[in-house]
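*Asks:* next input, structure requested:
(one chain, ligands or ions: 2)
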Amino acid sequence: MMENPALCMPFGVDIDLIKGAMGDPDRVIVRKASNMIGMYADEAALSRLIEHGDPVHYEVFEKAIPDVEGHLIICISKLYPGKVGEEYYMTKGHYHMVAGTAEIYLGVAGQGFMLMKTSDGKCVAEPIRHGRMVYVPPYWAHRSINTDDVPLVSFCVYPGGAGHNYGDIEKEGFPKRIFNKHGVPVTQ
Ligand code: S6P
Ligand code: ZN
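*Replies:* Ligands and ions are numbered 1, 2, ... in the order given. The predicted model follows:
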């Protein structure tokens with residue numbers, strides 16, 4: 001008889017709320033400037049960054065939770081401070097592969113925005129910071145943007161089996177960007 005793929009043992013994990021790190025992650029995804037080609041408005045500024053050290057833009061710390069319906073996937077997202085030209089560091093952004101699945105982001109440290117959009121053109125930039133939760137409803141693509149000078153750390157929870165659809169957002173882009181203009185975040 002086939003074993004149920006959703007079965008697993010209970011566990012706990014330490015989360016360092018100051019450093020923005022998971023105590024014992026099973027997987028760490030690291031995205032550098034060179035993984036962000038095509039995402040920022042100023043492509044020449046991104047090329048210069050890649051040539052000058054290719055800095056890490058963000059890391060995602062995950063536990064190995066079965067990626068199937070019934071589970072809740074958790075992760076810590078740590079988005080470093082920085083700018084590409086005048087545009088703040090951000091994540092690639094994605095829809096979920098199963099588009100009708102939501103996600104919760106709890107701001108742990110730093111501050112910035114969760115930029116969210118639908119395929120029919122709605123777009124919302126919701127502030128996220130320590131102690132603030134952002135709800136990403138089903139069908140909304142989402143991207144974190146760090147407007148602070150310390151890492152923006154979030155704790156994320158989303159349904160097992162939701163998956164990531166990067167292809168559609170790479171084609172569509174987001175209708176808004178957030179730039180540092182004379183020291184303050186400006187949405188354009
Ligand atoms: C997963 C969740 C986060 C992001 C992470 C990195 O559904 O939204 O864990 O994966 O913030 O962003 P991205 O767009 O590169 O996956
Ligand atoms: Zn997501």
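
*Asks:* from now on I want contacts and neighbour counts done on CA atoms only, so please keep to that.
*Replies:* Noted.

*Asks:* who's in contact with the helix or strand harbouring residue 57?
*Replies:* Assigned by DSSP states H and E, residue 57 belongs to strand 56-62. Contact with strand 56-62 is made by 21-22, 25-33, 74-82, 89-91, as judged by CA atoms under 8 Å, 6 or more residues apart in numbering.

*Asks:* after that strand comes which helix or strand?
*Replies:* strand 72-79.

*Asks:* in its sheet, what does the following helix or strand past that next one sit against?
*Replies:* Tracing the chain past strand 72-79, the next element assigned as helix or strand by DSSP H and E is strand 83-84. Strand 83-84 has the following strand partners under DSSP bridges: strand 87-88 (antiparallel).

*Asks:* do the next helix or strand after the partner strand and ligand 1 meet?
*Replies:* Remark: after strand 87-88, the chain's next helix or strand is strand 103-109, criterion DSSP H and E. No - judged by CA under 6 Å from any ligand atom, strand 103-109 and ligand 1 are separated, with a smallest distance of 6.9 Å.

*Asks:* one more: stretch 127-136?
*Replies:* No - contact of stretch 127-136 with ligand 1 (CA under 6 Å from any ligand atom) is absent, the minimum separation being 9.0 Å.

*Asks:* next one: stretch 29-40
*Replies:* No - judged by CA under 6 Å from any ligand atom, stretch 29-40 stays clear of ligand 1, getting no closer than 7.5 Å.

*Asks:* what comes up buried for that stretch?
*Replies:* 31, 32, 33, 34, 36, 39, 40 (16 or more other CA atoms under 10 Å).

*Asks:* could you dump those into TSV with secondary structure added?
*Replies:* Putting the buried residues of stretch 29-40 into TSV (DSSP: H, G, I helix; E, B strand; the rest coil) gives the following:
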residue	secondary structure
31	strand
32	strand
33	helix
34	helix
36	coil
39	coil
40	coil
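
*Asks:* mean confidence (pLDDT) on stretch 128-148, please.
*Replies:* The average pLDDT for stretch 128-148 rounds to 98.

*Asks:* for it, how far is the first residue from the last?
*Replies:* One end of stretch 128-148 to the other measures 11 Å (CA to CA, to the nearest Å).

*Asks:* which ones are touching the residue in the chain that ligand 1 sits nearest to?
*Replies:* Taking CA to the nearest ligand atom as the measure, the point where the chain comes nearest ligand 1 is residue 93, at 3.3 Å. Neighbour list for residue 93: 141, 142, 143, 144, 166, 169 [criterion: CA under 8 Å, 6+ apart].
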